[in-house]
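Engineer: Any chance you could fold what I've pasted below:
(2 chains)
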Amino acid sequence: MFIHSAMSSPIASDRLQFPGVDLIPKGMSRRLTAPLRSSLGCALAALDQAEITVPDGIHYGTGLGCLTDTEAFIREIDTNEGGLLSPTSFMRSTHNTVAGLLALALKATGPNLTYSQGLFSLHGALLSARLHFLEDQQARVLAGASDEYIPLLDDLANTLLPSLTKVVRPELREGAGFVVLGSVQGVIPVRITEVWTGSADLAPRVMHGPMDLVILGPHWPKGPLPHSPAGCRTIHQQELSGVHQSVPAQSLVHAVDLIRSGEVSSVWISDREQDRAGLIHVERC
Amino acid sequence: MGAVSALGPGVMAQLEGLRNGRSGITRSTVLGLPFPELHFGEVPLTQEQLARSSGVAADRSRTVLLGLLAAREAMEHVPLDRPERCALLSASTVGGMDRTAQVAAAWSKGHMQEAALAMGHPVGDHALHLARALGIGGHVSTLSTACSSSANAILLGASMLRAGMVDMVLAGGTDALSTFTVHGFRSLSAMDPEPCRPFSEDRNGMNLGEGAAYLVMEREVDARTSGRTPLALVLGAANANDAHHQTATSPDGAGPYRAMSLALEQAGLAKEQVDMINAHGTGTGNNDLTEQLAMERLFGIPPPFVSTKAVTGHTLAAAGALEAVFSVLSIQHGFVPANLRWSNPISGLNAAPCTEILRITIDHVLSTSFGFGGNDTALVLSKA
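Structural biologist: A predicted model of the protein is given here:
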């Protein structure tokens, strides 16, 4: 799969500066929460960069879905005493809200699939894109992931992981990353050659070939990836993106930027969560 | 195959219910859901009974418990020779929401005593439980495309097998009833307080249900080489987007029409070869009108069609897989289930669903699932 464009959205504190703000249809934009606007803007900016009006498919991932609307609806339930609630938050609480709104904004009638598997949600979306190309080699598709931050996440982390938060204090954030993919090379000389998830103990067997840089996601200890070859650099993406479940999407965009700049040629993006691992290999072509 | 629904636990309970025109729609007696005037397709097992059957602690989300019950049944007689070559493609819309709502409500009052329950909130959490319990070591993913989710899991499973990415797939979905979804669909005025009447002119909305269903999929040649006779074949599967509205289908049913047409095209079937449609048929004004419009546009006079949501309620992410199980049962046992409580055709349309159990030979079933976000999926399930 060849990458035709890549776009990452800023983190929470920069919400007003997110890319693609002008690309969201005005009528739609004013009805959305800030993180939804951020995700949509990021996706539309990636399409704009690739000069695509309507993608042939939308393959999207999110670990926790539209948390702002979900929390808003739960609060409405909690404070309501049997009356009819406003459906707005409920309608936008589904995990496929971003992908559905993109289809609506772009009149995109092709396959539209949303995956939710923690840190590996992006991996599901990328595998889905790969399958799309097996059915339609001419297709150009949008793939990416986004996740939202709400203050409840910090309170949960402080309550459930008090020892961890005292020592490491991961910064819980939000973010998005989207790429436009095709089965033939575009302007950018970068391709994805591997997308894999499985038992963590099998991951080292999948990581073979050149390795200039490893981008590690949340849950990896400080330091380089064990058994990485000499000269291979390591980046801990959470130091740049904060912690959220779409960090791999921001790692992917980061990898594309570094390859385009000529700094590296072969990047592995390695994520793990409990006993599972996910890998994405990106290389210059 | 494995399934649990308002008809009870197990595929045999589904078959018995469908063959006898039995409905599982009742007022909430197990979960004590809000709005006692409403009817639901509640699984007739308490949390403790489900936990005992599933072999896990009762404080787990009901979504996990239902999923484990159905997934275990599906995998019961299937040898898992190479776990790393087996994928789990599951589906859910609300995951552990039945537990999360308690955390959020307490949090808003400044309490965090129930915080641990939130660990089960992520929609994909149930899939990890299932994969561990069943020893599945390959790709694990959860589709969350609202009410078409598990139909998309089957679609994706067929694609992965065709591409040679895996040798076996456990595909399906699970969703438990929760106060969140009850309030949500009530806020949309989409719920009929009485047992629902899909495709009937006097329909007045849906009944929410809960359940889980999973199907083991492998390439036909691999199954036959290993001496296993497939229960059915997935000949076609297509997903399309209506791109019209976040929660309503376009007036002409363009998305459903496109999904059904593409699935038939992939299956290489002429429309005359379809023996039965297991329709989405939620019982809402918008869905049933636009779905039947799309069916009549595609088929002229559609083959016998039925919405089994009058039997189980709308099981959301589980619906596509549950209705795929029903479709396979129809193929195996040669019958079209009855579309319960239908009284009159939808104004301006001609066709009527199958209101009595119809005993015919069934080679090909078209099963449809449509969801929020304009997400439309159609599967063609055929005799092996």
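Engineer: What mean pLDDT does stretch A:130-137 get?
Structural biologist: Stretch A:130-137 shows a mean pLDDT of 96.
Engineer: Run through who's touching that stretch.
Structural biologist: By C-beta atoms under 8 Å, 6 or more residues apart in numbering or on different chains, the surrounding residues in contact with stretch A:130-137 are A:1, A:56-57, A:59, A:111, A:139, A:141, A:181-184, A:195, B:156, B:159-160, B:162-163, B:165. Where you see a C-beta, it was placed from the backbone N, CA and C, and this is true even at glycine.
Engineer: Please flag which of these sit within helices.
Structural biologist: Restricting the contacts of stretch A:130-137 to those inside helices, with DSSP state H as the criterion, leaves B:Leu156, B:Ser159, B:Met160, B:Arg162.
Engineer: Now that we have the residues you listed, which of them are buried?
Structural biologist: When neighbours are counted using 16 or more other C-beta atoms under 10 Å in any protein chain shown, the ones in helices among the contacts of stretch A:130-137 contain these buried positions: B:Leu156, B:Ser159, B:Met160.
Engineer: Report the buried members of the contacts of stretch A:130-137.
Structural biologist: A:1, A:56-57, A:59, A:111, A:139, A:141, A:181-183, A:195, B:156, B:159-160, B:165.
Engineer: which secondary element of chain A has the worst mean pLDDT?
Structural biologist: The helix or strand of chain A with the poorest confidence is helix A:162-167; it has a mean of 57 (mean pLDDT, DSSP states H and E).
Engineer: before we move on, back to that, so which of the ones in helices among the contacts of stretch A:130-137 comes closest to chain A?
Structural biologist: Nearest to chain A among the ones in helices among the contacts of stretch A:130-137, counting by C-beta to the nearest C-beta, is B:Ser159 at 4.4 Å.
Engineer: Can you show me the helices along chain B?
Structural biologist: Counting by DSSP H, the helices of chain B are B:11-19, B:47-54, B:62-75, B:97-107, B:125-134, B:149-162, B:179-187, B:220-225, B:254-267, B:285-299, B:309-312, B:319-333.
Engineer: Any figure for the gap between the nearest residue to B:Asn152 once chain neighbours are set aside and B:Gly21?
Structural biologist: With C-beta to C-beta, 6 or more residues apart in numbering or on different chains as the measure, B:Leu143 is the residue that lies nearest to B:Asn152, at 4.7 Å, once sequence neighbours are left out. Distance of B:Leu143 to B:Gly21, computed by C-beta to C-beta, to the nearest Å: 31 Å.
Engineer: Which residue of these two possesses the greater neighbour count?
Structural biologist: Of the pair B:Leu143 and B:Gly21, B:Leu143 is the one with more neighbours under other C-beta atoms under 10 Å in any protein chain shown, namely 37 against 15.
Engineer: pretty sure that one contacts B:Ala153?
Structural biologist: Yes: in this structure B:Leu143 lies within contact range of B:Ala153 using C-beta atoms under 8 Å: 4.8 Å.
Engineer: Which positions in the stretch 151-285 of chain A make contact with chain B?
Structural biologist: With the criterion set to C-beta under 8 Å from any C-beta of the partner chain, the stretch 151-285 of chain A comes near chain B through A:152, A:155-156, A:159-160, A:196-199, A:202, A:245, A:274-276.
Engineer: 7 Å - rerun?
Structural biologist: Residues of the stretch 151-285 of chain A found near chain B, taking C-beta under 7 Å from any C-beta of the partner chain as the criterion, are A:Leu152, A:Asp155, A:Leu156, A:Thr159, A:Leu160, A:Thr197, A:Gly198, A:Ser199, A:Leu202, A:Arg276.
Engineer: Look up how far chain A lies from B:Thr225.
Structural biologist: Plainly put, B:Thr225 is 23 Å away from chain A if you go by C-beta to the nearest C-beta, to the nearest Å.
Engineer: same deal with B:Thr229?
Structural biologist: 27 Å.
Engineer: quick one: contacts for the nearest residue to that residue once chain neighbours are set aside?
Structural biologist: Counting by C-beta to C-beta, 6+ apart, B:Ala384 is the residue found nearest to B:Thr229 once chain neighbours are left out, at 6.6 Å. Taking C-beta atoms under 7 Å, 6 or more residues apart in numbering or on different chains as the criterion, B:Ala384 is in contact with B:Thr229, B:Pro230, B:Leu231, B:Ala232, B:Leu233.
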